[in-house]
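*Asks:* following is a predicted model, sequence given first.
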Amino acid sequence: MSNLPVEFKADAICPACGQPNACARAGNAKAANCWCFELFLTPEVLQRVRRKYPAAACLCRTCLERESAAVKSAGL
């Protein structure tokens, strides 16, 4: 996986489930105000999400928590 910066594309729709993702950036708010800053995501979770959704910016909370749980259950 490349360490090059990924261009941020704020989108209000979760690419995993098609539901609104409540991304603060999609609403033009500061990223630090987004709900995702409340979650602790391991590097393994972030890598999994970037690999599965390379052109996407933001999953909804439910899908992001599901990805995190999948990494934990796989022991990664």
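*Replies:* That came in fine, so what should we check first? Residues are numbered from 1 along each chain as shown.
*Asks:* so where do the helices sit in the chain?
*Replies:* Counting by DSSP state H, the chain has helices at residues 43-52, 61-74.
*Asks:* looking at those helices, which is nearest to Ala22?
*Replies:* Checking the helices of the chain against Ala22 by Cβ to Cβ gives helix 61-74 as the closest, at 7.0 Å. No exception for glycine: its C-beta is placed from N, CA and C like everyone else's.
*Asks:* okay, Tyr25 and Trp35: tell me how far apart.
*Replies:* Quick fix: residue 25 reads Arg, not Tyr. Per Cβ to Cβ, to the nearest Å, Arg25 is found 11 Å from Trp35.
*Asks:* on that earlier part again, could the helices of the chain be laid out in a markdown table, adding mean pLDDT, mean neighbour count and distance to Asp11?
*Replies:* As requested, the helices of the chain are exported to a markdown table (pLDDT from 0 to 100; neighbours: other Cβ atoms under 10 Å; distance: least, Cβ to Cβ, whole Å):
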| stretch | mean pLDDT | mean neighbour count | distance to Asp11 |
| --- | --- | --- | --- |
| helix 43-52 | 92 | 14 | 14 |
| helix 61-74 | 91 | 15 | 13 |
